[in-house]
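>>> missing the sequence, but the structure's below:
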């Protein structure tokens, strides 16, 4: 009895110490995240769509087309990204001929996380399309990178009559070998994703994030020296974003069958750009099958390039966007 009693007391004390440690780390993370957000405030408008705040940055065209109006284009970032992923790469050049709408996906940058059980690409496309429309956008060319490519594809499938052209950059738009689908589905719930986000927020800064950037996101190419600063990478270290990434990846897996089933609705011009050495989204499993299936798609395969084509191969990406727009019936 005495041994059992001592064991129970020690267990209670250990659990209490663990709870206090977690509480302390939680408060510390609160302070760190507040400092990160103070360093990277929103640059666009926080537009409310059915109670959900969406961050949209509108960049007017610097050289409007005839009649004083430029065509609209929407840029959608990937998992863990934010608006600066696009303003630091291709958005400035696009302003010469488009009015550019740069959005933060839910739980990223300054857009609030999705409140409901569905965090997948279709519900994101609905939300972002409504926000862009509220910001004055009309029938935009839709460009998406990585997970943003899945959202862009869902946008085109939901609103084909409002999407004159589609550009997919290393799109995570269909399953590929190496994607841990079962693990993602196991973690794709609120308690598991929340716990994982807490751990990731503690471990991600410093060497871990540099390793991921160098060995996965940019590899086999080099990380640009100004990337971390230009892209406001620190915003991805928040628990909100880490949790959103996990939930959204799980719902992306669940959305793959619908994305494939509705490809027949995507009859507008499509340009696909991806590196053949992409270590995040396997090139052979995604872009060639999409280009083969879509009726009006063209694929630009950049030999030896990694995942971040819009940062390291901007000329190829900008040329693809121009081709898509030139093939489209723009308003």
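Now that the structure is in, tell me what you want to look at. Please read these numbers as outputs of a predicted model, since none were measured by experiment.

>>> gap between residue 6 and residue 47?
For residue 6, the distance to residue 47 (CB to CB, to the nearest Å) stands at 59 Å. In this view, the C-beta of every residue, glycine as well, is placed from N, C-alpha and C.

>>> okay, the two: which has more neighbours?
residue 47 (18 against 10; other CB atoms under 10 Å).

>>> where in the stretch 1-150 of the chain is pLDDT low?
1-3, 7, 11-26, 64-68 (pLDDT under 70).

>>> show me where it has its helices.
2-39, 84-87, 91-94, 121-134, 147-158 (DSSP state H, counting those that start in this stretch).

>>> make a markdown table from those and add distance to residue 169 to it.
Converted to a markdown table, the helices of the stretch 1-150 of the chain look like this (distance: least, CB to CB, whole Å):
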| stretch | distance to residue 169 |
| --- | --- |
| helix 2-39 | 26 |
| helix 84-87 | 10 |
| helix 91-94 | 13 |
| helix 121-134 | 15 |
| helix 147-158 | 6 |
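
>>> between those helices, which gets nearest to residue 331?
Nearest of the helices of the stretch 1-150 of the chain to residue 331, taken as CB to CB: helix 121-134 at 13.1 Å.

>>> and residue 289, how many neighbours?
14.

>>> show me what contacts the residue nearest to it when sequence neighbours are not counted?
Leaving aside its chain neighbours, residue 289 sits nearest to residue 174 (6.6 Å; criterion: CB to CB, 6 or more residues apart in numbering). The contact partners of residue 174, by CB atoms under 8 Å, 6 or more residues apart in numbering, come to 256, 259, 260, 285, 286, 289, 290.

>>> of those residues, which pair is most distant in space?
Going by CB to CB, the pair spanning the contacts of residue 174 furthest: 259 and 285, at 13.8 Å.

>>> look at these two and report which has more neighbours.
Taking other CB under 10 Å, residue 259 and residue 285 do not tie; residue 259 has more neighbours (22 against 15).

>>> look up phi and psi at the more buried one.
Torsion angles at residue 259 (phi, psi; degrees, to the nearest 10) stand at phi -60, psi -40.

>>> quick one: pLDDT of it?
Predicted confidence (pLDDT) for residue 259: 98.

>>> quick one: residues contacting it.
121, 150, 153, 154, 157, 173, 174.

>>> ditto for residue 160
Residue 160 touches 265, 266, 267, 268, counting by CB under 8 Å, 6+ apart.

>>> try it again at 10 Å.
Taking CB atoms under 10 Å, 6 or more residues apart in numbering as the criterion, residue 160 is in contact with 166, 262, 264, 265, 266, 267, 268.

>>> and the helices in the stretch 201-331 of the chain, which stretches?
So, for the stretch 201-331 of the chain - with DSSP H, counting those that start in this stretch - the helices run 207-212, 227-230, 239-261, 283-293, 309-312, 314-327.

>>> number of nearby residues for residue 201?
So residue 201, with other CB under 10 Å, has 22 neighbours.

>>> residues in contact with the nearest residue to it once chain neighbours are set aside?
Closest residue in space to residue 201, ignoring its immediate chain neighbours: residue 239 at 4.8 Å, by CB to CB, 6+ apart. Counting by CB under 10 Å, 6+ apart, residue 239 makes contact with 26, 29-30, 33, 193-194, 196-202.

>>> closest to residue 219 out of the residues you listed?
residue 200 (20.1 Å).

>>> what's that closest one in contact with, if anything?
Here residue 200 is in contact with 193, 208, 209, 236, 237, 239, 241, 242, 243, 245, 246 (CB under 10 Å, 6+ apart).

>>> the last one contacts residue 184, correct?
The one in question is residue 246. Yes - counting by CB atoms under 10 Å, residue 246 does reach residue 184; the two are 7.5 Å apart.

>>> comparing the two, which shows the higher neighbour count?
residue 246 (25 against 18).

>>> which residues does residue 145 bridge with?
Beta-bridge partners for residue 145, by DSSP bridges, are residue 169.

>>> hang on, it packs against residue 173?
No - if you go by CB under 10 Å, residue 145 and residue 173 don't touch, sitting 11.1 Å apart.

>>> can you list residues touching both of these two?
Contacts common to residue 145 and residue 173, judged by CB under 10 Å, 6+ apart, are 151, 152.

>>> pick out the residue closest to the middle of this structure.
Among the residues of the chain, the one closest to the centroid is residue 78, at 2.2 Å (CA atoms, centre = their mean).

>>> next one: phi and psi at that residue?
According to degrees, to the nearest 10, residue 78 has phi -100, psi -170.

>>> list the contacts of it.
85, 105, 108, 144-151, 169-172, 217, 245, 280-281, 307-308, 310.

>>> list the contacts for residue 144?
74-78, 105, 121, 125, 128, 150-156, 166-173.
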